[in-house]
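1. next comes the sequence, and after it the predicted model I'd like to discuss.
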Amino acid sequence: MIDPKKQYRTSDGRDVRIYAVDGGGDYPVHGAIKNTDGWFLRRWWKSGKWVNQETVEDLIEVKPRIKRDIWVNVYADRSSITYDSREEADRYGSNTRIACVMLTIDCEEGEGL
């Protein structure tokens, strides 16, 4: 079921605007797809399918991206602890720390679960 509060794109990656999900009939989802020369009106089934087979105009939910840097204290016993800043990692790192590494996380929400 398409949720008007969420963001969608087409299965081939184009931007989508959803105007309504209560249009009635076989195609209750109303919106538009952005092509190179503007926005074009479309209607979809409540599942987000454009027709009853897979097409490039089917809707795919765009999940929020998580982007942030973390610092990881690494220890000889293979344990590690993460921190939000280098300063915090240094403050709480013990003398058995063998490395302090910055990792950049850039993924979709829920990725890897």
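-> On my side now, so go ahead.
2. can you give me the strands for this structure?
-> Assigned by DSSP state E, the chain shows strands spanning 7-10, 16-20, 29-35, 38-44, 59-62, 65-75, 80-83, 97-108.
3. what's the distance between Ser80 and Gly112?
-> Distance, Ser80 to Gly112, using C-beta to C-beta, to the nearest Å: 17 Å. In short, each C-beta sits where N, CA and C put it, glycine included.
4. how about Val74, nearest residue that isn't a chain neighbour?
-> Ala99 (4.3 Å; C-beta to C-beta, 6 or more residues apart in numbering).
5. what's the spacing between that neighbour and Glu87?
-> Counting by C-beta to C-beta - Ala99 and Glu87 are separated by 16 Å.
6. what's the burial count for Lys34?
-> Neighbours of Lys34 under the rule other C-beta atoms under 10 Å: 14.
7. so what's it bridging to?
-> Beta bridges link Lys34 to Trp39 when assigned by DSSP bridges.
8. how close does it sit to Arg17?
-> For Lys34, the distance to Arg17 - C-beta to C-beta - is 8 Å.
9. same check, this time on Asp90
-> Noted for Asp90: a distance of 47 Å to Arg17, by C-beta to C-beta.
10. quick check: phi and psi on the residue of the chain most remote from its centre?
-> Most distant from the centre of the chain: Asn95, at 38.5 Å, with distances by C-alpha atoms, centre = their mean. Phi and psi for Asn95, reported as degrees, to the nearest 10, are phi -70, psi 0.
11. mind listing what's buried along stretch 70-78?
-> Trp71, Asn73 (16 or more other C-beta atoms under 10 Å).
12. just stretch 95-106 next, same as before
-> Neighbour counts using 16+ other C-beta under 10 Å place Arg97 of stretch 95-106 among the buried residues.
13. just stretch 60-68 next, same as before
-> In stretch 60-68, counting by 16+ other C-beta under 10 Å, buried: nothing.
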